[in-house]
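J.: Here's my sequence, what's the structure:
(2 chains)
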Amino acid sequence: MLKVFFIALRVCLFTLLLAGLIYPFAVTGVAYLLFYKEAMGSLVFNDQNILIGSDLIGQNFKTSGYFFSRPSAAGKGYDAIASSGSNLGPTSKELLTQIRSRVDELKKDNSEPIPLDLVTSSGSGLDPHITPEAAIWQAPRIALQRGVSLERIISIIEEFKEPPQFYIFGNERISVLKLNLALDQYLETQDSTQ
Amino acid sequence: MTLLGWFEITLLFFVVLALTKPLGLYLYYVYERHPQFKFLLFLENRIFRFCGIERQGQDWKKYALSLLLFNIMGIVIVFLVQIAQHYLPLNPQNLPGVPWDLALNTAVSFVTHTNWQAYSGETTLSYFSQMAGLTWQNFSAAGTGMAAFFAFARGLLHQPIVEEKGFIGNFWVDLIRSFLYVFFPGCFIFALLLVAQGVIQNFSPALDVTTLEGTKQTLAMGPAASQVASKIIGTNGGGFFNVNSAHPFENPTPFSNFLQMAALILIPAALTYTYGKIAKNQKHGWSLLFAMFILSLLGVAFIYHFESQVSPLFHHLPLTHELGNFEGKEVRFGLAGSSLFANLATDTSGGPCNSMYDSFTPVGGMILLINMLLGEVVFGGVGVGLFGMLMFVIISVFIAGLMVGRTPEYLGKKIEGKEVRFAILYVALYPLIILLGTAWSTLSPYGISSILNHGPHGMSEILYAYTSAAQNNGSAFAGLNANTIWYNLSLALTMFVGRFLSIILGLAIAGSMVSKKMLVASAGTFPTQGVLFVGLLMGIIFIVGALTFFPILTLGPFTEHLSFLQGKVF
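T.: Residues are numbered from 1 along each chain as shown, chains lettered A, B, ... in the order given. Predicted structure coming up:
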């Protein structure tokens, strides 16, 4: 019995060292060498080289000159250190109330019907994407707010539309952060040329 | 449902089917033969000498004792690491020690292969706790499962050897080989693939950023890829972040999602080939795999169909309806990627999630429950999944034997009263602990107060928690606030019993089968391959599962579905 106990102890020690320390450090080392940007979180910098977020993590947009992201249940909205879904069930009164109020909010300065992804919160609360339909639906508002033609906005959307990965996996989608960054960059340069 | 969605689902099954044979053969050589290369043999010998392991065989009692001792020691160490994490290195957020009940729950949860997460990863555990505690146990629990499976298979299939009376292998050898030849190389490669897709792997503290709109956002960081790889390959399911594989840092692209789904069922599928190889009856192995494929495809078809329906509650609202039931789902995976992931997560004992199961439609959520209630025999956890399937196989050949009135045989060995008794105990154990826990919680104020969604869905939340714990799945209807003393302790106990009592029962069967003589198959032997066998096996699984759990499913998901159709809310 005592012998087995000491074997167990030594096996614990060895496996902990191998799987708990050597393995994660080895993965980190090789990942830094091969995919440094990805390993560090695919961070995004603006023109002034200031960190403004991550390619992968959604952000909250409330100004009507920006495309809106999906609603978020993470903290107070897109809190990237408190990822969470709403977990509200299919027969939840709370869910119905939330969706009704989002619909009322969005109805004010947009057309109907409203794309479903813009009123339902995502699983992580950090979903960086919206569907292309949801972007095109917001285009008239953006065009009005930014004082540019609808065609210009639609062409920017088309440029940032991502097809299913390798044309097989997942759905068409648009990263809201990339799209809004492009709005700022493209439309600024347009202003300065005028 | 879309054509592209179905294409992705079909592709996944073909990829896994193509990899079953090569990986199955590899696993056979790892566990049933000595290493083929001198260097590896040398390495192994050094490690065995360091740990004091002798290669000689163990009978089932010694095997079970070693297994238990290693795992209980694991619980103690993981518990200590968590409550002392503020004294340990790699804690850049200066997180405090974990409260004792939560630490105990988490330790038991990871050691028992459940990976039930009552904590929120990014705000509770330091990087050191995640690595040395949880990643370590992701390897260990999976290794334990593999060892238990091979011991069981040896008992059923090996020719009895006179001088090795009752030996079913050596636990330490099986465990260390799982680490060295399966999980370490597998996870290492898989982790790098994930990093290439964008899963983070670093040791920086959380990053403060100013968003485009000028608000503050804090990005959680950490060594996620190494843990995600091990949670998937070992069918553990315990993620780095609170929302598991829904988090863009854990599962950034549709392709990483596909890789995770494939890797989740890869080893369980390959083991059917390995099993056929040990049995020298490859057709039996393929028959088991096809039974699994059929059950799994049925599950995903139901989930995908019901998740594509928009809620009747939203019919009168001015919304587009193509996206179906989209609350709690991510745009990049879409409905197909979310439905298939959920199905495979509950087919196996993995239980990761890339969407919030609590927000699934009543029937969609019920399929997840049924997948687990049937005993996670479809693929199942690495090792123990096939273990559970074989219990049903034993019951099937027993019932077939009763029909023709002769002593049943399974792959040449007689199945007698003792083995059937153990197999029935195994099958009856789960309803007992699941229903007991659920009943107790629904009848007590401290159980009810944790519910988020009221009405019949609240019942499902509690049922889901105990099912997930007993079957060592670890996924959740996460609305239930499980971080209370009652749930932490009762679920920890459920997980412990669900894991180790079942393994001990399996090893006991192995122990009683191992010294039985091999008989030559005759005309009266029930064939354990082909359509008849697959049909009978699936029938037995359904009957046992349905009869036991139909009443409680009527109280939860069925009632909810009817309310849902009428547009009733709670």
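J.: Now the closest residue to chain B within chain A: closest residue in space, sequence neighbours ignored.
T.: Proximity of chain A to chain B (Cβ to the nearest Cβ) peaks at residue A:170, 2.6 Å away. Backbone N, C-alpha and C define where each C-beta goes, glycine included. Excluding its sequence neighbours, the residue lying closest to residue A:170 (Cβ to Cβ, 6 or more residues apart in numbering or on different chains) is residue B:254, at 2.6 Å.
J.: Check whether that neighbour really touches residue B:340, as I assumed.
T.: No. Between residue B:254 and residue B:340 there is no contact under Cβ atoms under 8 Å: 11.5 Å.
J.: hang on, isn't the residue of chain A closest to chain B packed against residue B:251?
T.: No. Between residue A:170 and residue B:251 there is no contact under Cβ under 8 Å: 11.0 Å.
J.: Comparing the two, which residue is more hemmed in?
T.: Counted by other Cβ atoms under 10 Å in any protein chain shown, residue A:170 and residue B:251 do not tie: residue B:251 has more neighbours, with 35 against 27.
J.: Overlap in contacts, residue A:170 and residue B:251.
T.: Taking Cβ atoms under 8 Å, 6 or more residues apart in numbering or on different chains as the criterion, residue A:170 and residue B:251 both touch B:257, B:333.
J.: Next up, phi/psi of residue B:219, please.
T.: Main-chain torsions, residue B:219, degrees, to the nearest 10: phi -90, psi 120.
J.: May I see the domains of chain A written out as residue ranges?
T.: A:1-40, A:43-193 (automatic domain parsing).
J.: ranking those by burial, who's on top?
T.: Highest mean neighbour count among those (mean count of other Cβ atoms under 10 Å in any protein chain shown): domain A:43-193, with a mean of 19.
J.: chain center to that one, what's the gap?
T.: Counting by Cα atoms, centre = their mean, to the nearest Å, domain A:43-193 is centred 8 Å from the centre of its parent chain.
J.: hmm, back to that, could the domains of chain A go into TSV alongside mean pLDDT?
T.: Formatted as TSV, the entries for those read as follows, by pLDDT from 0 to 100:
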stretch	mean pLDDT
domain A:1-40	94
domain A:43-193	90
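J.: right, and the ones you listed - which one's nearest residue B:383?
T.: Closest of the domains of chain A to residue B:383 is domain A:1-40, at 16.4 Å (criterion: Cβ to Cβ).
J.: Need the distance between the two termini of that closest one.
T.: Domain A:1-40 has an end-to-end distance of 47 Å (Cα to Cα, to the nearest Å).
J.: how about the nearest residue to the spatially most central residue of chain B, chain neighbours excluded?
T.: Closest to where the C-alpha atoms of chain B average out (Cα atoms, centre = their mean) is residue B:349, at 1.2 Å. Leaving out its chain neighbours, the residue that sits closest to residue B:349 by Cβ to Cβ, 6+ apart is residue B:381, at 3.2 Å.
J.: For the one you found, give me phi and psi.
T.: Here is the backbone geometry of residue B:381 (degrees, to the nearest 10): phi -70, psi 160.
J.: quick one: contacts for it?
T.: Residue B:381 makes contact with B:113, B:142, B:145, B:235, B:268, B:348, B:349, B:350, B:472 under the criterion Cβ under 8 Å, 6+ apart.
J.: Could you check the pLDDT of it?
T.: Per-residue confidence (pLDDT) for residue B:381: 83.
J.: quick revisit: could I get the domains of chain A as TSV with distance to residue B:194?
T.: Shown next, in TSV, are these (distance: least, Cβ to Cβ, whole Å):
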stretch	distance to residue B:194
domain A:1-40	9
domain A:43-193	13
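J.: tally of neighbours for the closest residue to chain A within the stretch 251-400 of chain B?
T.: Per Cβ to the nearest Cβ, residue B:254 is where the stretch 251-400 of chain B lies closest to chain A, at 2.6 Å. By other Cβ under 10 Å, 25 other residues sit near residue B:254.
J.: what's near enough to touch it?
T.: A:164, A:165, A:169, A:170, A:171, B:332, B:333, B:334, B:337.
J.: from these, which is closest to residue B:15?
T.: residue A:169 (12.0 Å).
J.: Just the element for the residue lying closest to residue B:363 once chain neighbours are set aside, please.
T.: Excluding the flanking residues, the one nearest residue B:363 by Cβ to Cβ, 6+ apart is residue B:306, at 4.4 Å. Residue B:306 is part of helix B:282-307 when elements are defined by DSSP states H and E.
J.: Can you give me the buried ones in that helix?
T.: For helix B:282-307, a neighbour-count test (16 or more other Cβ atoms under 10 Å in any protein chain shown) marks B:282, B:284-293, B:295-296, B:299-307 as buried.
J.: where do the helices sit along the stretch 101-250 of chain B?
T.: Remark: helices assigned in the stretch 101-250 of chain B by DSSP state H, counting those that start in this stretch are B:121-124, B:127-128, B:136-157, B:171-177, B:184-197, B:224-233.
J.: I meant to write chain A there.
T.: Counting by DSSP state H, chain A has helices at residues A:2-15, A:23-34, A:36-39, A:93-107, A:132-146, A:150-160, A:176-193.
J.: could you measure residue B:323 against residue B:222, distance?
T.: Separation of residue B:323 from residue B:222 (Cβ to Cβ, to the nearest Å) stands at 32 Å.
J.: got it, and residue A:8?
T.: For residue A:8, the distance to residue B:222 - Cβ to Cβ - is 30 Å.
J.: ok, and the closest non-adjacent residue to residue 68?
T.: You didn't say which chain, so I picked chain A. Spatial nearest neighbour of residue A:68, excluding adjacent residues (Cβ to Cβ, 6+ apart): residue A:61 at 5.4 Å.
J.: looking at chain B here, not the other one
T.: residue B:500 (6.4 Å).
J.: Okay, and the one you found sits in which element?
T.: helix B:485-513.
J.: What is that helix packed up against?
T.: Other elements packing on helix B:485-513 under the criterion 3 or more Cβ pairs under 8 Å, 6 or more residues apart in numbering or on different chains; DSSP states H and E are helix B:60-83, helix B:100-111, helix B:136-157, helix B:384-404, helix B:417-443, helix B:445-448, helix B:456-470.
J.: I'd like to know which elements the shortest one is packed against.
T.: If I follow you right, that is helix B:445-448. With contacts taken as 3+ Cβ pairs under 8 Å, 6+ apart, helix B:445-448 sits against helix B:417-443, helix B:485-513.
J.: My guess is the residue nearest to residue A:68 contacts residue B:213. True?
T.: Yes. Here residue A:61 reaches residue B:213: they are 5.7 Å apart, a contact under Cβ under 8 Å.
J.: Now do the same for the residue nearest to residue B:433 when sequence neighbours are not counted: its pLDDT.
T.: Excluding the flanking residues, the one nearest residue B:433 by Cβ to Cβ, 6+ apart is residue B:470, at 4.9 Å. On pLDDT, residue B:470 comes in at 94.
J.: roughly how far apart are residue B:249 and residue A:58?
T.: 12 Å.
J.: cool, and residue A:74?
T.: Distance of residue A:74 to residue A:58, given as Cβ to Cβ: 9 Å.
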